[in-house]
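Trainee: the sequence and its predicted three-dimensional model are supplied below.
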Amino acid sequence: MAELKYAFYTGCSAKGVAPELYNSTKLVADKLGMELIELEAATCCGAGAVQEKDEFLALTINARNLALAEELGLDLLTICNTCTLMLRETKFKLDNDPELKEAVNEVLKEAGLEYKGTSEVTHFLWEVIDGVGLDRLKEMVVRPLKEFNIAPFYGCHIIRPPYLIGYEDPDNPKSIEMIIEAVGGNPVDHTARLACCGFHSFWSAEDKVTLRLTAMDAESAKEEKADFMVTPCPLCHTQLDAMQEEAEERIGVKLGIPVLHLPQMIGLAIGFKPKELGLEKHVISTEEIIRKVA
Amino acid sequence: MEIFKLKVYRYDPTKDSEPYYRTYELPVEKGMTVLAALFKAKEEQDPTISFRYNCRAAICGSCAMRINGHATLACKVQITHLLEKYDTDTITVDPIGNVKPLKDLIYDMDWLVDKLKRVKPWFIPKEPPPADGTEYRQDPYDHHRIDFASDCILCASCMSDCNALKANKDFLGPMVHSKAYRFIADTRDGEKQERFEAILEDLNLEWCVRCVECTTRCPKEVQPYENIIRLRIMAAEAGYKTPGEIHAEIFEQDIYNRGLLNEMLLPMRQEGILGAIKRAPFGIKMMLKGKVNYADFFGGHKIKRLEEVQKIYEVAKQKEKEVKIKLPQIMGVIYEDKRKTRKRPNYAETGGNE
Ligand code: SF4
Ligand code: SF4
Ligand code: SF4
Ligand code: SF4
Ligand code: FES
């Protein structure tokens, strides 16, 4: 088996509001045999915000992030959908436009760096499937999540747009279901499976758009009697978990559907304690899950 | 002979109290499009099915519908591809989403036209044509910037699957914002300010939640999502101080000063002291859950090698004016991971922008 060694791009969320994602990723990756070399010099990806103001600056900053992985000779692994999109967008644009690449490299040179285009950008979700492999994951399961109905929530930027993501069919992705099945859970289909959580318009349209979407998503999982939702993105997680009560207020219905980070779900199945995975750090109570896996 | 099921949304408000589905069994024929299948069902089994079409060649934009949940042109997608893509024997056809269905697959277009009118989707020259009788001239790069956006066939596939529009029907939607971009970005056009005002009313442009459904659905190369981002850049350049613009500034400062975003101080900086007070209960909730990085209140930690980033800012800011970033071509492009083995096998030919 090829060596599973990655340049680990944490993103800001896992270092800020989602410490449980950072910790559970490290634990789970280690147990699955993935070696993560943290890029301690990496910056924020801009999250689409910088991209809406200074396109060239955003590209250059992310070219630097990519160059850091290239220095290590490793592929860059993310744990956030939006980081994945921003970094892949940068890579796509630079790799397909030699003049742009040259202009970016002229800037990077001043800081003693160069973007070559030798590292790929990948996500933890994909590496569990393609790197570790589902068979190996299955072998490691000690606590199958068989009593759980689990609603996948992909989040937009892990499937769309295909010219930048292209890992699987954005109309009918299967990766999260494959992992849910591998850890013994029952994936439930629901209308918001491929929908948007609303996060990115929060500051401009909290009431008009964001919380309405959040409510629809949680309701959709609830309707299918899911025990919890699972997502590969900390931004979706913040929106669906931390903002769920605000969304409930807007629709006047109590939903209370827990949301797990992907590595937390895997972690439960491969033998970590809920506490080690930071399940108590969620806003929507995960007590029911903790009780069942005990 | 292989048979598939065509499950069609049916609704005639003059007769039916509720919409329902009717399923037609048809032979799988190579090269048959969904539109052709609808014709076959109509001709051979049920003359009452109603749908719009015209060119049958993905040009007129009449035949958009939701096929297995995703909007596209019925004359563009083939049955055999879809059966493989969804690993099914049934193709479900619904009218496009976010609009009022009128009869079966036919939807109300007035609503879309009214939205479009708000951005004046026609060319308003800023000066009379050249006196020598030639046409308006444009720099090739300036033309390149609006070339893709000009290809919109108003099929509304993007409107159908737009998440912001799903949440709020007052959102102008990707088709309309994209049309506004086509003219605002046109160097020959003279009504930029009016159009900016239309798209920024109630911050409409910033309701877009960046779900990228629009670009994923678009049967042409219009790139509505990317056009919205371009519009936001142009709005910032034109001096509009929107929440999105403030947000971008905070990110830029944080990357410069520490490398990572300071999420803890974000609300305060985004919305000022009143905002911070409004958000306080939420902050306390997060604190109680141990989701707060206390160090961040005092600036927090810095990334390593921050001086590289600061140098990059300096140089990039000087250079950015002279860099002409080309719009990427995305038609038929699926991101290719250079590690060939890492591509999911279930990616059917019909995925994404064909
Ligand atoms: S997407 Fe968010 S978490 Fe990822 S680096 Fe950008 S700001 Fe940080
Ligand atoms: S709003 Fe949520 S689901 Fe949509 S793109 Fe952003 S993180 Fe993804
Ligand atoms: S990216 Fe924006 S405009 Fe496009 S579909 Fe999503 S919310 Fe709508
Ligand atoms: S932008 Fe694309 S999907 Fe939207 S109306 Fe125009 S052609 Fe159709
Ligand atoms: S019939 Fe004209 S686009 Fe399909």
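Mentor: That came through, no problem. Ligands and ions are numbered 1, 2, ... in the order given.

Trainee: just checking, what's the longest helix in the chain?
Mentor: Going with chain A. Longest helix in chain A by number of residues (criterion: DSSP state H): helix A:55-72.

Trainee: not quite, I wanted chain B
Mentor: With secondary structure taken from DSSP H, chain B has its longest helix at helix B:266-288.

Trainee: ok, back up a step: buried stuff in the longest helix of chain A?
Mentor: For helix A:55-72, the neighbour count (16 or more other Cβ atoms under 10 Å in any protein chain shown) marks A:55-70 as buried. All C-beta atoms are positioned from the backbone trio N, CA, C, and that covers glycine.

Trainee: just checking, what packs against the helix or strand bottoming out on mean pLDDT in chain B?
Mentor: Scoring the helices and strands of chain B by mean pLDDT, DSSP states H and E places helix B:266-288 at the bottom, with a mean of 86. Applying 3 or more Cβ pairs under 8 Å, 6 or more residues apart in numbering or on different chains; DSSP states H and E, one finds that helix B:266-288 contacts helix B:243-257.

Trainee: and the angle from the helix it packs on to helix B:266-288?
Mentor: For helix B:243-257 against helix B:266-288, the angle by axes from the mean of the first three to the mean of the last three Cα atoms, to 10 degrees is 80 degrees.

Trainee: would stretch B:165-180 count as contacting ligand 2?
Mentor: No: on the criterion Cβ under 6 Å from any ligand atom, stretch B:165-180 is out of touch with ligand 2, staying 11.1 Å away.

Trainee: what are the boundaries of the strands in chain A?
Mentor: Here chain A has its strands, by DSSP state E, at A:5-9, A:35-38, A:75-78, A:121-123, A:149-152, A:186-187, A:228-231, A:259-261.

Trainee: and those strands as JSON lines, adding mean pLDDT?
Mentor: Putting the strands of chain A into JSON lines (pLDDT from 0 to 100) gives the following:
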{"stretch": "strand A:5-9", "mean pLDDT": "98"}
{"stretch": "strand A:35-38", "mean pLDDT": "98"}
{"stretch": "strand A:75-78", "mean pLDDT": "98"}
{"stretch": "strand A:121-123", "mean pLDDT": "97"}
{"stretch": "strand A:149-152", "mean pLDDT": "98"}
{"stretch": "strand A:186-187", "mean pLDDT": "98"}
{"stretch": "strand A:228-231", "mean pLDDT": "98"}
{"stretch": "strand A:259-261", "mean pLDDT": "98"}
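
Trainee: backbone dihedrals for the closest residue to B:Pro95 other than its chain neighbours, please?
Mentor: Nearest residue to B:Pro95, sequence neighbours excluded (Cβ to Cβ, 6 or more residues apart in numbering or on different chains): B:Pro101, at 4.3 Å. B:Pro101 adopts backbone torsions of phi -70, psi 140, taken as degrees, to the nearest 10.

Trainee: residues near B:Pro101, how many?
Mentor: B:Pro101 has 17 neighbouring residues, counting by other Cβ atoms under 10 Å in any protein chain shown.

Trainee: that one and B:Tyr107 touch, don't they?
Mentor: Yes: using Cβ atoms under 8 Å, B:Pro101 is in contact with B:Tyr107, at 5.2 Å.

Trainee: what's the overlap in contacts for these two?
Mentor: Listed contacts common to B:Pro101 and B:Tyr107 are B:Pro95; contacts here mean Cβ atoms under 8 Å, 6 or more residues apart in numbering or on different chains.

Trainee: sketch out the low-pLDDT regions of the chain for me.
Mentor: Picked chain A for this. A:1-2 (pLDDT under 70).

Trainee: wait, chain B
Mentor: Along chain B, the model assigns pLDDT under 70 to residues B:299, B:340-354.

Trainee: where does it come near ligand 1, residue by residue?
Mentor: Residues of chain B lying near ligand 1 by Cβ under 6 Å from any ligand atom: B:Leu261.

Trainee: 8 Å instead, please
Mentor: Neighbours of ligand 1 within chain B, by Cβ under 8 Å from any ligand atom: B:Phe251, B:Leu260, B:Leu261.

Trainee: all helices for the stretch 101-250 of chain B, in order.
Mentor: Using DSSP state H, counting those that start in this stretch, the helices of the stretch 101-250 of chain B run over residues B:110-117, B:140-147, B:157-161, B:163-167, B:174-184, B:192-200, B:213-217, B:224-237, B:243-257.

Trainee: relative to helix B:110-117, how tilted is the fifth one?
Mentor: So that's helix B:174-184. Interaxial angle, helix B:174-184 versus helix B:110-117 (the same axes, to 10 degrees): 20 degrees.

Trainee: is helix B:174-184 anywhere near ligand 5?
Mentor: No: using Cβ under 8 Å from any ligand atom, helix B:174-184 stays clear of ligand 5, with a minimum separation of 14.6 Å.

Trainee: so what does that helix touch, helix or strand wise?
Mentor: helix B:110-117, helix B:157-161, helix B:192-200, helix B:213-217, helix B:224-237.

Trainee: got a list of what residue 57 touches?
Mentor: No chain was given, so I picked chain A. Residues counted as contacts of A:Leu57 (Cβ under 8 Å, 6+ apart) are A:Val50, B:Glu252, B:Ile312, B:Tyr313, B:Ala316, B:Lys317, B:Glu320.

Trainee: oops, wrong one, chain B.
Mentor: B:Cys75.

Trainee: what strand or helix carries it?
Mentor: Following DSSP states H and E, there is no helix or strand that holds B:Ala57.

Trainee: would you list the phi and psi of it?
Mentor: Note on B:Ala57: backbone dihedrals following degrees, to the nearest 10 are phi -140, psi 30.

Trainee: which one of the helices of the stretch 101-250 of chain B lies closest to B:Glu127?
Mentor: Taking Cβ to Cβ, helix B:192-200 is the member of these nearest to B:Glu127, at 13.6 Å.

Trainee: tell me which other helices or strands that closest one touches.
Mentor: helix B:174-184, helix B:224-237.

Trainee: what does the stretch 1-150 of chain B put close to ligand 4?
Mentor: Proximity of the stretch 1-150 of chain B to ligand 4 is confined to B:Gly61, B:Ala64, B:Ala71 under the rule Cβ under 8 Å from any ligand atom.

Trainee: so which of these are also by chain A?
Mentor: Among those, none lies close to chain A by the criterion of Cβ under 8 Å from any Cβ of the partner chain.
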